[in-house]
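Colleague: Structural data only, the sequence is not supplied:
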């Protein structure tokens, strides 16, 4: 499987952030990445798994919950749609 580069996917840039995890959270992230690697049969990183989890969380907010504020609801929808439109993570969707 070929994963497009950032440029090929039309993504302008990446921003690096630092995230601090507990040992349990880190183990959960590692397990999620391992599970996604098995399902996708692709070499996916913990970063890929985290992005897939964000996409799933946004989808759950849209499909399963009523976000009360219209502006926030629109923000969630636009963020999820934009994430999918510029997906560079290969088969890392959940």
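Modeller: The structure has been received and is ready for your questions. Not measured: the values here are computed from a predicted model.
Colleague: Now do the helix or strand containing residue 60: distance to the chain's middle.
Modeller: Under the assignment given by DSSP states H and E, the secondary-structure element containing residue 60 is helix 46-64. Its chain's average C-alpha position is 5 Å from that of helix 46-64, according to CA atoms, centre = their mean, to the nearest Å.
Colleague: tally of neighbours for residue 38?
Modeller: Applying other CB atoms under 10 Å, we find 10 other residues in the vicinity of residue 38. Any C-beta I mention is one placed from the backbone N, CA and C, and that applies to glycine too.
Colleague: Please identify which helix or strand holds it.
Modeller: With the criterion set as DSSP H and E, the secondary-structure element containing residue 38 is helix 23-40.
Colleague: Would you mark the buried spots in that helix?
Modeller: Neighbour counts using 16 or more other CB atoms under 10 Å place 29, 32-33, 36-37, 40 of helix 23-40 among the buried residues.
Colleague: Same check on stretch 46-54?
Modeller: Residues of stretch 46-54 classed as buried by neighbour count (16+ other CB under 10 Å): 48-53.
Colleague: And the residue most central in space within the chain, how far from residue 79?
Modeller: Using CA atoms, centre = their mean, the residue of the chain that lies closest to the mean C-alpha position is residue 51, 2.1 Å off. Look at residue 51 and residue 79: by CB to CB, to the nearest Å, they are 12 Å apart.
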